[in-house]
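Any chance you could fold what I've pasted below:
(2 chains)
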Amino acid sequence: MVDKEVPLIEAKKTMEKDVVLDPNGFFVIEVYDKGIRIEYYSNVYKNKRIVSGHLEKVFIGTRADALSDTIAKHAPRLRPEHYLYLGRELQSAQNAFEQKKKYTQGGC
Amino acid sequence: MAEDYYPWGGEFTACSPNGCVAVVLLNIQYTPPESVAIYGRLKTENIGIEKIVANTISNPYIRFLVICGDDIRGHRSGSSLLALHKNGIDSNHRIIDAPGAIPYIENLKEDAIKRFQDQLNIVDLLGEKEKEKIDKIIADCTRKSSSSYGEPYIAIRIKPETTVSLTDKRALHSKIIIDYMGNVRKRGE
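This is a model prediction of the structure:
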């Protein structure tokens, strides 16, 4: 007798060719001497292709948790995987900042 | 200081505030001398170029832009930057005759590009990676040291947001607290 069955799902990375770009914009993350700086751009399309972005907001901070919360508040309606990607990248950026290492923004 | 001179920010190194040379590093391992005003890497042919324009015209002392190293494969950012200075942009915001894949200027007005063309003398060292040669050319530019262009041109300013914290309890006076309906909840003590 089983009262409830819950699915067990094995993690699988989405292949790069299958990644869907977020229609609500993209982020540029940089680590500088005082912390982490994130630029949020809305997409600019030409011939249905994203070719650049309009700078909308800039976020600064030193901690991934604070930056994540702030971005979620100020950049709503992103795709869920985009928020998760940001969380991963911001943690890497925080590690680089704290350990004074070079940070290069990774792809999704 | 750097924030005042270079309002957009970005990954660059600010050195001598009144230096007349800015150095764009492409595919090259090279550290310019401390006499330059600013140096940094250029990666993308759209936003990367915009940042260079904004962060050079904001410092009127910068009169020379040295572009050195091998061009970035695919992006062709160095060649696109040269094309911007030479040709400007078309009505679709595309850098005229730029070889990059997506050389679009979307965050700068045409006045800013005009200012970039007028204020900056381009020193095209595309493909040059020899330290001694680049050092010498930078030293030559520094010796020429033309005067300040005039007022800074601020193409983009990152303005700190003023936040007002509203809670249910608002203190009008250290001893009087009203709630969000305007009713006095605490007085005196």
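
Could you report the distance from residue B:62 to residue B:54?
Going from residue B:62 to residue B:54 by CB to CB, to the nearest Å gives 12 Å. Backbone N, C-alpha and C define where each C-beta goes, glycine included.

Using the record, which stretches count as separate domains in chain B?
According to automatic domain parsing, chain B is divided into the following domains: B:2-144, B:159-189.

Report the rounded mean pLDDT for the last one.
For domain B:159-189, mean pLDDT rounds to 63.

which stretches of chain A form strands?
A:26-32, A:35-46, A:49-61 (DSSP state E).

With mean neighbour count and distance to chain B added, can I get the ones you listed in TSV?
Listed next are the strands of chain A as TSV, based on neighbours: other CB atoms under 10 Å in any protein chain shown; distance: least, CB to the nearest CB, whole Å:
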stretch	mean neighbour count	distance to chain B
strand A:26-32	19	5
strand A:35-46	18	5
strand A:49-61	17	4
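
Let's have those strands in a markdown table, adding mean pLDDT.
Output for the strands of chain A, formatted as a markdown table (pLDDT from 0 to 100):
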| stretch | mean pLDDT |
| --- | --- |
| strand A:26-32 | 95 |
| strand A:35-46 | 96 |
| strand A:49-61 | 96 |
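
could you show me where the helices are in the chain, in order?
Because you didn't say which chain, this covers chain A. Under the criterion DSSP state H, chain A contains helices at A:64-74, A:80-98.

Hmm, no, I was thinking of chain B.
So, for chain B - with DSSP H - the helices run B:2-5, B:47-57, B:77-87, B:110-119, B:131-144.

How about the spatially most central residue of chain B, nearest residue that isn't a chain neighbour?
Centroid-nearest residue in chain B, with CA atoms, centre = their mean: residue B:55, separated by 2.4 Å. Nearest non-adjacent residue to residue B:55, counting by CB to CB, 6 or more residues apart in numbering or on different chains: residue B:6, 4.2 Å away.

residues touching the one you found, list them.
Listed by CB atoms under 8 Å, 6 or more residues apart in numbering or on different chains, the contact set of residue B:6 reads B:12, B:14, B:38, B:55, B:58, B:59.

Going by distance to residue B:75, which of these wins?
Taking CB to CB as the measure, residue B:75 sits nearest to residue B:12 out of the contacts of residue B:6, at 17.7 Å.

what sits against that closest one?
Residues near residue B:12 by CB under 8 Å, 6+ apart: B:6, B:38, B:39, B:40, B:55.

Ok, residue B:104 next?
With contact taken as CB under 8 Å, 6+ apart, residue B:104 is in contact with A:44, A:46, A:51, A:52, B:46, B:92, B:93, B:94, B:95.

next one: residue B:124
Taking CB under 8 Å, 6+ apart, we find residue B:124 in contact with B:67, B:82.

again, but for the one 5 residues further on
Residue B:129 is in contact with B:28, B:30, B:68, B:69, B:70, counting by CB under 8 Å, 6+ apart.

out of the residues you listed, who's nearest residue B:87?
Nearest to residue B:87 among the contacts of residue B:129 is residue B:68, at 21.1 Å by CB to CB.

how far away is the closest one from chain A?
Here residue B:68 is placed at a distance of 21 Å from chain A (CB to the nearest CB, to the nearest Å).

likewise residue B:10?
The gap separating residue B:10 from chain A is 7 Å, by CB to the nearest CB.

Pretty sure that residue sits against residue A:55.
No: look at residue B:10 against residue A:55 with CB atoms under 8 Å: they stay out of range, at 11.3 Å.

I'd like to know how many residues surround the residue nearest to residue B:120 when sequence neighbours are not counted.
With CB to CB, 6+ apart as the criterion, residue B:120 has its nearest non-adjacent residue at 4.6 Å, and that residue is residue B:65. Here the number of neighbours of residue B:65 (other CB atoms under 10 Å in any protein chain shown) works out to 24.
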